[in-house]
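Student: Structural data only, the sequence is not supplied:
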């Protein structure tokens, strides 16, 4: 059984695949999943207009969002067809995000743009995964350690040790994003 974990960022996600069982997990692969198009201006931060304001041009915003949706569909399809998955099907994934705040409740236009982008990239990634039959869970990063300890029935130090071993299995770089994604993937091994 393989599960995926993603640390969702603005315009991309860091993905880590973990093979189970949960009692003896091993890391399979690490990838960067592009959710934006570097050749289409504004798709990495589609809700930003200039530096500190929220985009108000509905047509420009819709065009960027359509590109993001298409990028997510292509990237997820390519990820699931990649060699580490050729013999096993991934049935579950967890998306680690910074926040799940509703952008409509954010007064500051610049912060609302960030919240809108967080919501967009989380939703297009989840939709793309679910279209391939991959069930998704969303975990706010600040809650990840507590949820992992409870779900895996392990102490934090033991979880960190196993996650560090994942990094040695797939090689560097092994930063906070990879650690969060791999922890989330491990939690999905049921």
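Tutor: Received, thanks. Every value quoted in this text rests on a predicted model; they were computed, and no experiment measured them.
Student: and residue 42, helix, strand or coil?
Tutor: Three-state call for residue 42 (DSSP: H, G, I helix; E, B strand; the rest coil): coil.
Student: from what I can see it touches residue 60, true?
Tutor: Yes - contact criterion C-beta atoms under 8 Å: residue 42 and residue 60 qualify, at 7.4 Å. For glycine as for every other residue, the C-beta is placed from the backbone atoms N, C-alpha and C.
Student: tell me which residues of stretch 153-171 are tucked away?
Tutor: Within stretch 153-171, the residues that count as buried by 16 or more other C-beta atoms under 10 Å are 154, 159, 162-163, 166-167, 170.
Student: possible to save these as CSV with secondary structure, distance to residue 101 and pLDDT?
Tutor: Below are the buried residues of stretch 153-171 laid out as CSV (DSSP: H, G, I helix; E, B strand; the rest coil; distance: C-beta to C-beta, whole Å; pLDDT from 0 to 100):
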residue, secondary structure, distance to residue 101, pLDDT
154, coil, 30, 97
159, helix, 27, 98
162, helix, 31, 98
163, helix, 27, 98
166, helix, 30, 98
167, helix, 30, 97
170, helix, 32, 95
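Student: what two of the residues you listed are the furthest from one another?
Tutor: The two members of these with the most space between them (C-beta to C-beta) are 154 and 170, at 20.5 Å.
Student: buried sites along stretch 81-90?
Tutor: Residues 84-85, 90 are the ones in stretch 81-90 that count as buried (16+ other C-beta under 10 Å).
Student: before we move on, the earlier item: ok, so of the buried residues of stretch 153-171, who is nearest residue 132?
Tutor: Taking C-beta to C-beta as the measure, residue 132 sits nearest to residue 170 out of the buried residues of stretch 153-171, at 22.1 Å.
Student: quick one: that closest one and residue 19 touch, right?
Tutor: No - here residue 170 does not reach residue 19: they are 11.5 Å apart, not a contact under C-beta under 8 Å.
Student: Give me the common contacts of the two.
Tutor: Residues touching both residue 170 and residue 19 by C-beta atoms under 8 Å, 6 or more residues apart in numbering: 27-28.
Student: Fine by me, we can end here.
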